[in-house]
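>>> need coordinates for the below:
(one chain, ligands or ions: 1)
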Amino acid sequence: MSLTTTATLHNGVQIPRLGLGVYKMEDGTDVYHAVLSALEIGYRHIDTASFYQNEEGVGRAIRDSGIPREEIFVTTKVWNDEQGYENTKKAFQASLERLGLDYVDLYLVHWPVPGKYKETYKALEEFYKAKKARAIGVSNFLPHHLEDLLTDVEIKPMANQIELHPQLTQTETREFCKKHDIIVEAWSPLAKARYLDDPVLQSLAEKYNKTAAQIIIRWEYQSDIVTIPKSVKPTRQKENADIFDFELTEEDMKKVDGLNQDKRTGPHPDEFNY
Ligand SMILES: NC(=O)c1ccc[n+]([C@@H]2O[C@H](COP(=O)([O-])OP(=O)(O)OC[C@H]3O[C@@H](n4cnc5c(N)ncnc54)[C@H](OP(=O)(O)O)[C@@H]3O)[C@@H](O)[C@H]2O)c1
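Presented below is the predicted three-dimensional model:
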């Protein structure tokens, strides 16, 4: 098992189970060096979005890495003010141009903008059919958004990227996604490093001779969740990827599950100021 370990989306496409998130990395040197170092370490999955305003740097690092394009899984997303059928077509083209790519591996509806996400998703189905997106999906969709979307879709979403970490275990959305064969991806999988000093995580870190961040990422991995921790620092990128040489016991998995408080670091999808 390694950074190239994949999960299979329902259309057969393989998604590396551990990737690099690049939110808040500045376009230009920051994101460029972070992505290059991650690719050198062995990451093969990069998660960006038009909202992050760093797609150009991501694309440049991918090209300069010398790694064949088809070996890297690239996700980007359509932002809220770009939604609707026609606007999404323009937004997708603009993302491809900024990335300097002729296809993406996964294209996501970033948030369920009320009244718009169905039209947005229709455009995604076209990109998929045109083979411009190898997979399509959603982000921040609760079961009620998915239920509504699924009544209309031709191509079921392959992934749902949601905020998920030990204090926000999202069991309801996970169960819904499992039932419908939709892969769950965790965003802010480290909860933005806000509670790495938690005593349960610290005691497990000591027990396994790992860090609290590694305990969390391993817990996500063993929970069948695709995870995309962000770090600009090569040492932390290495640390976050070094989770394949140990296994949490069932009892310890339950200890981490037990940290749930349904506590978000970001907005609730039904309360977002769209
Ligand atoms: N779909 C959505 O709506 C959505 C929303 C938010 C995020 N995302 C995606 O999810 C990715 C990850 O989420 P996130 O960036 O919000 O938060 P995160 O990955 O939970 O945490 C990132 C923070 O933790 C620090 N960090 C990383 N590894 C660490 C380690 N081993 N020890 C201590 N600190 C560590 C980072 O600092 P340094 O960089 O300084 O190391 C950064 O401050 C994003 O980058 C983005 O791609 C998606």
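>>> phi, psi of the residue of the stretch 1-150 of the chain found nearest the ligand?
In the stretch 1-150 of the chain, the residue that lies nearest the ligand is residue 21 (2.3 Å; Cβ to the nearest ligand atom). Using the backbone N, CA and C atoms, a C-beta is placed for each residue, glycine as well. Main-chain torsions, residue 21, degrees, to the nearest 10: phi -90, psi 150.
>>> number of nearby residues for it?
25 (other Cβ atoms under 10 Å).
>>> mind listing what it touches?
47, 187, 189, 228, 229, 230 (Cβ atoms under 8 Å, 6 or more residues apart in numbering).
>>> can I get the host helix or strand of residue 137 as PDB, trimmed to CA atoms?
Element membership of residue 137 [criterion: DSSP states H and E] is strand 136-139. This file holds the C-alpha atoms of strand 136-139, laid out as PDB (Å, rounded to 0.1, in the frame of the first residue of the first chain):
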ATOM      1  CA  ILE A 136     -18.000  14.000 -12.200                       C
ATOM      2  CA  GLY A 137     -19.400  14.600  -8.800                       C
ATOM      3  CA  VAL A 138     -20.500  17.000  -6.200                       C
ATOM      4  CA  SER A 139     -19.200  18.600  -3.000                       C
END
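>>> return the list of strands paired to that strand, each annotated with direction.
If you go by DSSP bridges, strand 136-139 pairs up with strand 106-109 (parallel), strand 159-163 (parallel).
>>> please identify the deepest-packed of the ones you listed.
strand 106-109 (a mean of 27; mean count of other Cβ atoms under 10 Å).
>>> contacts for that one, please.
In contact with strand 106-109 (Cβ under 8 Å, 6+ apart) are residues 15, 49, 73-78, 83, 92, 95, 117, 120-121, 124, 127-128, 133-139, 141, 158-159, 161.
>>> repeat that with 6 Å
75, 77-78, 117, 120-121, 124, 133, 135-139, 161 (Cβ atoms under 6 Å, 6 or more residues apart in numbering).
>>> again, but for stretch 79-88
By Cβ under 6 Å, 6+ apart, stretch 79-88 touches 50-51, 78, 91, 110-111, 113, 116, 119-120, 122-123, 274.
>>> and with 10 Å instead?
The contact list for stretch 79-88 (Cβ atoms under 10 Å, 6 or more residues apart in numbering) reads 49-53, 78, 89-92, 94-95, 107, 109-113, 115-124, 126-127, 272-274.
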